[in-house]
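# Fold the following and give me the result.
(2 chains)
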Amino acid sequence: MDVLKISNYTKVYGKDKKACDNVTLTVESGDIFGFIGHNGAGKSTTIRAVVGVMDFDEGTIEIDGHDVRKDPLSCKKVTAYIPDNPDIYENLTGIQYLNFVADAFGISSADREQRIMDYANRFEIADSLKNLISSYSHGMKQKVAIIGALIHNPKLLVMDEPFVGLDPKASFTLKEIMHEMCTAGSAVFFSTHVLDVAEKLCNKIAIIKKGRIIANGTMEELIGDKSLEEVFLEAVKDE
Amino acid sequence: MNNQILLLKTMLLSTSNRNILKYCDDKKKRGLATGNIIGPVILHVLIAVYVGAMCYGMAFFGMADTVPAVPAVLITAISFLFTLLKAHGMLFGYKEYDMLMSMPFTTKAVVADRFLFMYLKNLSWTCVVSFASLIAYAVVAKPGVLTYVLWILLTFLLPVLPMLLAVAISALIGGIGSGFRHKNLVLTILTFVFVIPLFFLQYFINDIIENDKIESMMDQSASVFSAVDRFVPTIGWFSKAVNDHSLLSVILLIVTAVAAYEIVFIIFSKFYKSINSRMSSHSMSHEKVKNTDLKARSVVKSIAFKEFKLFTGCVAYITNVGMGVVMAVIFGIVILFVDPSFLVSMVAGTPVDVSMVPIVLIIPVFIYFFTGMVPSTACSMSLEGKNFWIIKSLPLDMMDVFKGKMLFNILLFLPAALFCTITSCISLKASPMEFLVAVLYTCSTCLFSTVFGMYCGAKHMRLDWETEIQVIKQGRAVSSYLLPNMLGTMILGGGLVAVGLIFNILPLVMTAFSAIYLLLTIPAYIGVKKLARTL
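Predicted coordinates:
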């Protein structure tokens, strides 16, 4: 079952600068889909369009069968987004922020309490949730943003460079959670520069270069006997 | 919980001082938060006394019917102007945009939340102005219960329409500006195009009064307010509702506010995402790095240049701080071609015959209100925000950083202030001595505002803001600079100018006034040096 379907997605900046050009890819239930490319290749632009933050010019994006432009609320209800730089309300405490997210997704008191404490314990941040977010380190803010994203058990988890700033234990926990989500039938779509992680974690990969998808498929199909790093460097090498 | 209420509640909580006082152990931050509560309270009291006294005076002299128009005019004007200056920073490019837009809220709810937040923040001032007027009116006119009820209830509707109009204009400016390559420049110019004419509104009101041949000062004040309600229907509706208990006026005010709210946000929410998308786009320059880009500069000049780039890269910064510069330049050009009596009357808000008063020495005081009320130095340290680490981690003497920021402020304001002073002197045919005194005053005030602004900016630096507007329009650094400076200039200036006029020693008085500013600059500079050692 397709959880995310991007068809001929094109985003133009200014008059003619195509940040993304005819991007087409599909993320199915149970997939951990890695989206890789150089800086400025169009990863974040695609991700921001998927989560309904950015408008786009051509193509369609569907999440769980709903069009992000025609029915954005239905899409957002089943999606979670963790940006590369978690800009969340700094003057709220961690627990106030998580409570706000739970309210936004209509999570019952019992469920939110159980899920927040479960994830907070796994990310070892439970004791800090009563403090102001402005006092957190980058990694702690990232952890709070991740917990906020997981509160409503999303069908699609979209992450932009999720491992930046996380300590090794938290990175491990996040990978565990990604696997658990996919086992339960959800899907994960994330961008990363850490190719080793992508190789070990993902079952599908797309490589984007100058706004165009230049490779897309399962990990086995794409890398064969080589490493992902070798395939990536070969693919993005200028003609 | 309703999503709109949820968004608003969270936004208020995240910007209030309550959380800091409750959850933060840092004494400095708690002290700042306490100051952020006490400062506005003092301001509210001052405004209440001022407005209350004005309204009491009007009511006492038999113009009680005009009193309701006073808060209505003030609330309408202030709400419109301040919202127009704040709206861009509040609506576009704020930090939590991605987080909010990716959550299951409608675009209309997100946009309306930003508006309602501005509305609630504005509401305390609105209530102070309105209720102080009501008390003054009630003491003299002794109205019935219905007047109290209508006055209080309709107060909450008064700022809605002007704020919505300002938001609509800001959205229009954003929509047009976001389509250009040099977005900030276009947005700034468009904002100035809409804001600057507001300062000339006084002229049109005065014109109406002159046509009515009204002589006395109190009559003139009353006429200002009755004249405005001819142009702004909500003011008239408020006055009629309160004075005549007109049901039609009450209905018109309610229906118009609600309908305008719906219309503005239905239309705006359709374009909101695309405007924000275009604003956040970063089309690459095709130009290669030029040799001039790599020109070596001294640390102070380099910091000043960096400040220039920060200034021109932030619409909220350039419109709020640069407004005075633009006004001074416009005044300086216009006074060369227009009758000085007319222009000075317009700025002063009262008829002035320049042949009767040595106005050439008083004009620099007006110019200071253009160029000295919000120096860039008062907010530039706070505007460093998350980038403050760059300055801290570089091998820089903090005093050099301050000097760079002060240099930028002088380069920004002094040429404009001097230009305005010089053209005024030419237009008013100043004697060489008057010319020197005027230039001395302009230079000394510019120096003082730069250094005192730097002191306040460094002393009350706040880096953890959500939008630039929190620093520029609501920051403690700016208000701690603005209040003593504005009140001091008004009281001291008014007193000294009066003494100078009475005893015909205005040049001497203005020279002394300049010397006071220069003397005050010294402790401010010492304070800046001390702060440089501690930061």
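# Once you drop chain neighbours, what's closest to the one residue in the stretch 351-500 of chain B that gets nearest to chain A?
The stretch 351-500 of chain B approaches chain A most closely through residue B:464 (5.0 Å), counting by Cβ to the nearest Cβ. For every residue, glycine as well, the C-beta is placed using N, CA and C. Excluding the flanking residues, the one nearest residue B:464 by Cβ to Cβ, 6 or more residues apart in numbering or on different chains is residue A:134, at 5.0 Å.
# In a strand, that neighbour, correct?
No: Residue A:134 is assigned helix when assessed by DSSP: H, G, I helix; E, B strand; the rest coil, not a strand.
# how deep is it tucked in, by neighbour count?
Look at residue A:134: counted by other Cβ atoms under 10 Å in any protein chain shown, it has 20 neighbours.
# what's the answer for residue B:263, then?
For residue B:263, using other Cβ under 10 Å, the count is 12.
# The residue of the stretch 351-500 of chain B closest to chain A and residue A:90 touch, don't they?
Yes: counting by Cβ atoms under 8 Å, residue B:464 touches residue A:90, with 5.6 Å between them.
# Name the residue in these two with the higher neighbour count.
Higher neighbour count among residue B:464 and residue A:90: residue A:90, with 20 against 16, using other Cβ under 10 Å.
# Can you name the residues that contact that one?
Neighbour list for residue A:90: A:132-134, B:14, B:464, B:466 [criterion: Cβ atoms under 8 Å, 6 or more residues apart in numbering or on different chains].
# Got the confidence number for residue B:534?
Listed pLDDT for residue B:534 reads 87.
# same thing with residue B:144?
Taken from the predicted model, the pLDDT recorded for residue B:144 is 89.
# try residue B:224
On pLDDT, residue B:224 comes in at 59.
# Enumerate the residues of chain A near chain B.
Taking Cβ under 8 Å from any Cβ of the partner chain as the test, the list of chain A residues beside chain B reads A:13-14, A:17, A:19, A:48, A:51-56, A:72-73, A:76-77, A:79, A:81, A:83, A:86-93, A:96, A:100-101, A:103-105, A:130-132, A:134-135.
# Can you flag the buried ones in those?
A:13, A:19, A:48, A:51-56, A:72, A:76-77, A:79, A:81, A:83, A:86-93, A:96, A:100-101, A:103-105, A:131-132, A:134-135 (16 or more other Cβ atoms under 10 Å in any protein chain shown).
# Restricted to helices, list those residues.
In helices, defined here by DSSP state H, the members of these are A:48, A:72, A:76-77, A:96, A:100-101, A:103-104.
# tell me which parts of chain B are close to chain A?
B:1, B:3, B:6, B:10-11, B:13-16, B:19-20, B:23-24, B:95-99, B:101-107, B:181, B:273-274, B:276-277, B:280-284, B:464, B:466.
# how does chain A divide up, domain by domain?
A:1-78+A:155-239, A:86-153 (automatic domain parsing).
# Dump those domains to CSV, plus mean pLDDT.
Listed next are the domains of chain A as CSV, based on pLDDT from 0 to 100:
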stretch, mean pLDDT
domain A:1-78+A:155-239, 92
domain A:86-153, 92
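# With distance to residue B:304 as extra columns, can I get the ones you listed in a markdown table?
As requested, the domains of chain A are arranged in a markdown table below (distance: least, Cβ to Cβ, whole Å):
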| stretch | distance to residue B:304 |
| --- | --- |
| domain A:1-78+A:155-239 | 31 |
| domain A:86-153 | 30 |
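# of all those, which lies closest to residue B:445?
domain A:86-153 (36.6 Å; Cβ to Cβ).
# so how far is that closest one from its chain's centroid?
Offset of domain A:86-153 from its chain centre (Cα atoms, centre = their mean, to the nearest Å): 17 Å.
# what does stretch B:366-374 give?
On Cα atoms, centre = their mean, the centre of stretch B:366-374 falls 12 Å from that of its chain.
# Can you give the contact residues for it?
Residues from elsewhere that reach stretch B:366-374 (Cβ under 8 Å, 6+ apart): B:320-321, B:324-325, B:327-328, B:331, B:344, B:347-348, B:413, B:416-417, B:420-421, B:424, B:441-442, B:445-446, B:448-449, B:472, B:478, B:481-482, B:485-486, B:489.
# Quick one: mark the members of those that sit in strands.
Within the contacts of stretch B:366-374, no residue falls in strands by DSSP state E.
# ok, of the residues you listed, which come out buried?
Buried among those by 16+ other Cβ under 10 Å: B:320-321, B:324-325, B:327-328, B:331, B:344, B:347, B:413, B:416-417, B:420-421, B:424, B:441-442, B:445-446, B:448-449, B:472, B:478, B:481-482, B:485, B:489.
# the helices in the stretch 51-200 of chain B, which residues?
Taking DSSP state H, counting those that start in this stretch, the helices of the stretch 51-200 of chain B run over residues B:69-91, B:97-101, B:107-141, B:145-155, B:160-177, B:183-199.
# possible to save these as JSON lines with mean neighbour count?
Putting the helices of the stretch 51-200 of chain B into JSON lines (neighbours: other Cβ atoms under 10 Å in any protein chain shown) gives the following:
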{"stretch": "helix B:69-91", "mean neighbour count": "23"}
{"stretch": "helix B:97-101", "mean neighbour count": "21"}
{"stretch": "helix B:107-141", "mean neighbour count": "20"}
{"stretch": "helix B:145-155", "mean neighbour count": "16"}
{"stretch": "helix B:160-177", "mean neighbour count": "22"}
{"stretch": "helix B:183-199", "mean neighbour count": "17"}
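# Out of those, flag the one nearest residue A:174.
Comparing the helices of the stretch 51-200 of chain B by Cβ to Cβ, helix B:97-101 comes nearest, at 18.5 Å.
# what's that closest one packed up against?
helix B:107-141, helix B:247-280 (3 or more Cβ pairs under 8 Å, 6 or more residues apart in numbering or on different chains; DSSP states H and E).
# Make sure residue B:34 is indeed in a strand.
No: judged by three-state DSSP, residue B:34 forms no part of a strand; its state is helix.
# And stretch B:431-440, what's buried?
For stretch B:431-440, by 16+ other Cβ under 10 Å, it's B:434-435, B:437-440.
# correct me, but residue B:107 touches residue B:274?
No: look at residue B:107 against residue B:274 with Cβ under 8 Å: they stay out of range, at 10.4 Å.
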